[in-house]
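**Student:** Provided below for reference: sequence and predicted model.
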Amino acid sequence: MPGFVLRHDARVWMYYNGWNRGVTVPYRNSIGLAVSDDDGLTFKRAFEGPILDRNRNEPYIAVLPTVLVEGSLWRMWYVSGTRWVRVGDQYEPVYVIKYCYSQDGIEWTRPNHLCIPPRDDEEALSHPTVLKVDDTYRMWFCYRSSREFRDGPGAYRIGYAESPDGLTWHRMDDAHGLEPSASGWDSTMTAYPYAIDVDQRILVFYNGNGFGRTGLGYATFGRTS
């Protein structure tokens, strides 16, 4: 699954999400890198293995990155699985948003830094998308419960946070989050945001009901808080 795309050194880099089956848990995720030399028409894997995999601090999932390049520093915010909870007859993953950094976009230093603490031990935070606007880092993400989240009362909602340094975040969902509409294609779920800064506006693309089964839309936010 594609995760994040950027241009670097005349190539298009795509960080993607790899899946493989688990035995004691349903699956495992890692982050791979693919590159394109034809402006994104075709891609090939940069390596056979992942560039960000599970480790002793993050034993379940490392996936869904967003990457900013600031001078010689590459910065990544990504999703890290913390545990699985059994709900009824199946396991559901719980995950949070963490931070790591690199000098080349390939070898990453992972300080096990938690960006946004969950509100309870079954809240899952996913799909960060980060912009630096003037001197403020702005993050849209989505969050859900571990129960009744498939278009139920625990379904994904889009949240929001700000940070002066990309490390310490202040969660403020009510300011620039996105609740479901009263009716229609995004009336039970808003999920998987991706933000771009264009023409003095921030456009946040997102999925609707059924994790995107009903379509893809966007919301417009002001460039300043």
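**Tutor:** Thanks, I have the structure now.

**Student:** which non-adjacent residue is nearest residue 12?
**Tutor:** residue 36 (4.0 Å; C-beta to C-beta, 6 or more residues apart in numbering). Backbone N, C-alpha and C define where each C-beta goes, glycine included.

**Student:** Report whether the expected contact of the one you found with residue 16 is present.
**Tutor:** No: in this structure, residue 36 is not within contact of residue 16 by C-beta atoms under 8 Å, at 11.9 Å.

**Student:** circling back: okay, now the residue nearest to residue 12: neighbour count?
**Tutor:** Applying other C-beta atoms under 10 Å, we find 16 residues neighbouring residue 36.

**Student:** Give me the pLDDT value at it.
**Tutor:** pLDDT for residue 36: 98.

**Student:** tell me the phi and psi of it?
**Tutor:** Torsion angles at residue 36 (phi, psi; degrees, to the nearest 10) stand at phi -130, psi 130.

**Student:** From residue 10, how far off is it?
**Tutor:** 10 Å (C-beta to C-beta, to the nearest Å).

**Student:** next one: residue 144
**Tutor:** Applying C-beta to C-beta to residue 144 and residue 10 gives a distance of 39 Å.

**Student:** Neighbour count for those two, which is higher?
**Tutor:** Applying other C-beta under 10 Å to residue 144 and residue 10 shows that residue 144 carries more neighbours, namely 22 against 7.

**Student:** which residues touch the more buried one?
**Tutor:** Residues in contact with residue 144 (C-beta atoms under 8 Å, 6 or more residues apart in numbering) are 123, 124, 126, 154, 155, 156, 157, 191.
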